[in-house]
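[1] Any chance you can model this:
(one chain, ligands or ions: 2)
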Amino acid sequence: MEKLVAPSILAADFGNLQRDVEMVNDSKADWFHIDIMDGVFVPNISFGMPVLKSITKHANKIIDVHLMIVDPDRYIQTFADLGADILTVHYEACTHLHRTVQAIKAAGMKAGVALNPHTPIAVLEDIIKDLDVVCIMSVNPGFGGQSFIENTYKKIQQLKNLIEFSEASTLIEIDGGVTDQNANKLVEVGANVLVAGSFVFKSDNPTETIENLKTIIN
Ligand code: DX5
Ligand code: ZN
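    Ligands and ions are numbered 1, 2, ... in the order given. Down below sits the predicted model:
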């Protein structure tokens, strides 16, 4: 299967949001990765619904929304209405994860679950077949521009084994600290989707950076 690149809008220039969204539209990127932070689940606040609305107005690729918020069940229908194609919630934020995942699907979206760096893959054993995406956090969620945690490779292998053993068709997404230095190894061990924020948007030529990442991993 083709490996995917999902630029994280968190690192875009919000004063030039339409320009940056159109850059992603016209690039080789596959998904828009949208980080929603509430200042409670993570120690940072990113942006909320009005900004997401402005993004989806111009975006013409898959909208992958990563919720770093407590009690995400409250907003499932809102994100569906705003145009999210994939809605990812954090394992650590959901007491009734199975119910949350079913609600995401019932609202017409693909369901993803994200795991913090300290959360073992094994907690997903009994739900893996229901998941369209598992997002392994390769940094502690909350900020862009942090450095990649090496233990992620081991977790990708464990998740890949779990998916194969369970005959699930879940995509493995990696989020945080992705660069051209680790992209190849990440897909070699089993990643399907690489999120990249700073590495794309802080580069001199984001369009070219996305294209290079796509070439490296495919
Ligand atoms: C971190 C976010 C990431 C972030 C990645 O909490 O979930 O999506 O934007 O940024 P980089 O690629 O700069 O680590
Ligand atoms: Zn993210």
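[2] Leaving out chain neighbours, which residue sits closest to residue 78?
    residue 49 (6.5 Å; C-beta to C-beta, 6 or more residues apart in numbering). In this view, the C-beta of every residue, glycine as well, is placed from N, C-alpha and C.
[3] before we move on, what about residue 175?
    In space, residue 175 is closest to residue 195, 4.2 Å off (C-beta to C-beta, 6+ apart).
[4] and the one you found, backbone torsions?
    Per-residue torsions, residue 195: phi -90, psi 140 (degrees, to the nearest 10).
[5] What of residue 164?
    Dihedral angles for residue 164 - degrees, to the nearest 10 - are phi -70, psi -50.
[6] What degree of burial does it show, as a neighbour count?
    For residue 164, the neighbour count with other C-beta atoms under 10 Å is 10.
[7] For ligand 1, what is the nearest residue in this structure?
    residue 197 (2.9 Å; C-beta to the nearest ligand atom).
[8] how near is the residue nearest to residue 175 to residue 106?
    26 Å (C-beta to C-beta, to the nearest Å).
[9] and if you look at residue 193?
    24 Å.
[10] picking that back up, would you agree the residue of the chain closest to ligand 1 is in contact with residue 144?
    Yes: with contacts defined as C-beta atoms under 8 Å, residue 197 counts as touching residue 144 at a distance of 4.2 Å.
[11] Could you check which of residue 193 and residue 106 is surrounded by more residues?
    Applying other C-beta under 10 Å to residue 193 and residue 106 shows that residue 193 carries more neighbours, namely 25 against 12.
[12] Specify the beta-bridge partners of that one.
    residue 4, residue 173 (DSSP bridges).
[13] For this protein, what lies in contact range of ligand 1?
    Contact residues (C-beta under 6 Å from any ligand atom) of the chain with ligand 1: 8, 10-11, 33, 35, 66, 139, 141-142, 144-146, 175-178, 195-199.
[14] so residue 112 is in which element?
    Here residue 112 sits within strand 110-115, counting by DSSP states H and E.
[15] so what's residue 173 scoring on pLDDT?
    Note for residue 173: predicted pLDDT of 99.
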